[in-house]
Structures are given as structure tokens and as C-alpha cells.
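> just a sequence and a predicted model for now, questions to come.
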Amino acid sequence: MSIRVFLLDDHQVVREGLRKLLEAEDDIEVVGDSGSAVDAPAVAQLVRPDVAVLDVRLPDGDGVQVCREIRAAQPDVACLMLSSFADEEALAQAVLAGASGYLLKQIHGNELVSSIRAVANGRSLIDTTTARRVVDRIRRDQAHADDVDQLTDREREILALIADGKTNRQIGAELFLSEKTVKNYVSNLLAKLGMSRRSQAAALAARIAEHKADPGAWGS
């Protein structure tokens with residue numbers, strides 16, 4: 001039986017190119033496609049694919065969220081994520097969403113074909129080391145999120161401004177504090193979070209905000 005494939009990419013030329021590439025194979029059939037993250041889950045539900053090849057970034061949404069929705073409705077569908085960039089955060093979210101693989105668009109056509117066959121046969125292209133690293137990072141984030149709850153209101157306010165990329169001077173101007181006072185607050189909140197760099201705190205704050213917007217992002 002042919003492997004039934006669904007394609008999601010906002011560029012029509014890309015979708016048509018992928019369709020032509022895949023349908024040149026005797027054992028692969030493209031049963032549907034979409035250029036919209038919003039419409040994709042419903043289309044996938046209609047065409048019942050074995051494999052969904054999903055662009056990670058789309059103008060109207062997120063391919064990882066599409067993966068999560070497709071697998072919630074059809075757990076047997078294997079999802080392959082396609083991205084133009086090696087994005088560790090997107091990879092982490094793909095692992096949590098249940099994706100079977102995360103591929104860069106620079107791969108050769110024969111590699112994509114081989115990957116589709118592999119995940120259709122139940123294989124995961126995400127190695128266990130990567131998956132373990134992602135899970136460990138998520139656990140650390142959750143632990144740090146608990147630490148954030150221990151911050152004072154002022155410290156949380158300053159953490160949010162750090163996440164916005166603001167300097168101590170800019171934070172002081174916004175909160176009517178001296179730059180030295182802001183520096184002391186930053187030192188205290190970093191110590192409470194067990195961190196040494198404000199960039200770490202900024203990244204954590206961004207992930208916590210994402211988790212609050214989408215509780216499924218941490219697999220909860």
C-alpha cells in the first residue's frame with residue numbers, strides 16, 4: 001500500500017515541488033496539502049494521512065502546534081517538521097508535540113523520501129540523546145519557574161523588562177529607580193534563579209510567558 005502524505009507549507013511553489021518529488025515514488029501518494037496553519041488540522045483530518053510533512057513557521061501560525069493538533073485527533077499520524085533554520089527551541093517543542101523528525105529544508109530530495117518511509121514504518125528520526133536533552137531542559141525550566149514564584153513583585157517586574165531586552169539604565173528610567181538600585185535587584189533575582197547571566201533569565205522569562213499562553217508547550 002502507498003504511504004499517504006499530507007503537506008503543509010505556505011508557499012504554493014514549495015508544495016507543488018514536494019508533491020512532484022514524492023509522487024515520482026511508486027510507494028508514496030500525496031493525499032492533500034494546505035498553505036494555512038489554521039486550516040491544516042481539518043484538512044489532515046479529512047484526508048487521513050500516514051505522514052504529515054509540516055513547515056515549522058507559517059504566516060498564520062506554528063507548524064508545531066499543527067503537529068500537536070493532528071496527533072491529538074489522529075495519534076497514528078507521523079509528523080515530520082521542516083524548517084529553514086536549526087532552531088533548538090522549535091526542536092524542543094517538536095519533541096514535546098510528538099513529532100517523529102525535525103529536518104532542515106536544505107536536505108536532498110532523496111533524504112526526505114527516505115525520512116518519510118522511515119517514520120511511516122514507525123521509526124523516530126529524533127535520537128534519544130536529543131530527546132533526553134530536551135526533557136532535561138524542560139524540567140530545569142519548570143524548576144526555575146517555581147523559583148520565579150519566589151521573586152518579589154519588583155523583581156518579577158524587572159525580570160519582565162530584562163526579557164524585553166532593556167538595559168539597567170532603561171529599566172531604572174521606566175521604574176523611577178537609580179541604575180545602581182536596578183543592578184542590585186538584577187543581582188538578587190539572578191541569585192534566586194541560580195543563574196549567572198541576564199541572558200539566561202531573559203530566555204527563561206520568554207519561555208515562561210510562552211507556557212502561560214500555551215500550557216501544552218511544556219507537555220503539561
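On my side now, so go ahead.

> give me the number of residues near Glu29?
15 (other CB atoms under 10 Å). Any C-beta I mention is one placed from the backbone N, CA and C, and that applies to glycine too.

> what do you get for Gly35?
Gly35: 18 surrounding residues under other CB under 10 Å.

> okay, it: pLDDT?
Model confidence at Gly35, expressed as pLDDT, equals 96.

> is it in contact with Asp9, as I believe?
Yes: between Gly35 and Asp9 there is a contact under CB atoms under 8 Å: 6.7 Å.

> which residues do the two both contact?
Taking CB atoms under 8 Å, 6 or more residues apart in numbering as the contact criterion, the common neighbours of Gly35 and Asp9 are Arg15, Leu58.

> count the neighbours of Asp136 for me.
Residues within reach of Asp136, counting by other CB under 10 Å, total 10.

> kindly apply the preceding question to Ala24 instead.
The number of residues packed near Ala24 is 10, by other CB under 10 Å.

> Thr167 now?
Thr167: 13 surrounding residues under other CB under 10 Å.

> got phi/psi on it?
Main-chain dihedrals, Thr167, degrees, to the nearest 10: phi -80, psi 170.

> that one and Val13, how far apart?
43 Å (CB to CB, to the nearest Å).

> list the contacts of the residue nearest to the spatial centre of the chain.
The C-alpha lying nearest the average C-alpha coordinate of the chain belongs to Ala90 (CA atoms, centre = their mean; 3.0 Å). Ala90 sits next to Val56, Arg57, Val64, Met81, Ser83, Tyr102 when contact means CB under 8 Å, 6+ apart.

> ok, and it, which helix or strand is that part of?
If you go by DSSP states H and E, Ala90 is part of helix 88-97.

> now do the buried residues in that helix.
Ala90, Leu91, Ala92, Gln93, Ala94, Val95, Leu96, Ala97 (16 or more other CB atoms under 10 Å).

> CSV please, covering the residues you listed and showing distance to Ala173 and pLDDT.
Converted to CSV, these look like this (distance: CB to CB, whole Å; pLDDT from 0 to 100):
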residue, distance to Ala173, pLDDT
Ala90, 35, 81
Leu91, 38, 83
Ala92, 35, 80
Gln93, 35, 82
Ala94, 40, 87
Val95, 41, 85
Leu96, 38, 82
Ala97, 40, 88
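
> can you name the next helix or strand after the lowest-mean-pLDDT helix or strand in the chain?
Taking mean pLDDT, DSSP states H and E as the measure, the helices and strands of the chain show their lowest mean at helix 128-148, namely a mean of 69. Going down the chain from helix 128-148, the next helix or strand is helix 153-163, by DSSP H and E.

> which residues does that next one contact?
By CB under 8 Å, 6+ apart, the residues outside helix 153-163 that reach it are 148, 151, 170-171, 174-175, 182, 185-186, 188-189, 192, 198, 201-202, 205-206, 209.

> let's see it at 10 Å
Where contact means CB atoms under 10 Å, 6 or more residues apart in numbering, the residues beyond helix 153-163 that reach it are 148-152, 166-168, 170-172, 174-175, 177, 181-182, 185-186, 188-190, 192-193, 198-199, 201-209.

> tell me which residue of the protein is furthest from the middle?
With distances taken from the mean C-alpha point of the chain and given as CA atoms, centre = their mean, the most distant residue is Ser178, at 38.1 Å.

> contact partners for it?
Residues touching Ser178, when contacts are defined by CB under 10 Å, 6+ apart, comprise Asn168, Arg169, Gly172, Asn184.

> appreciated, that's everything.
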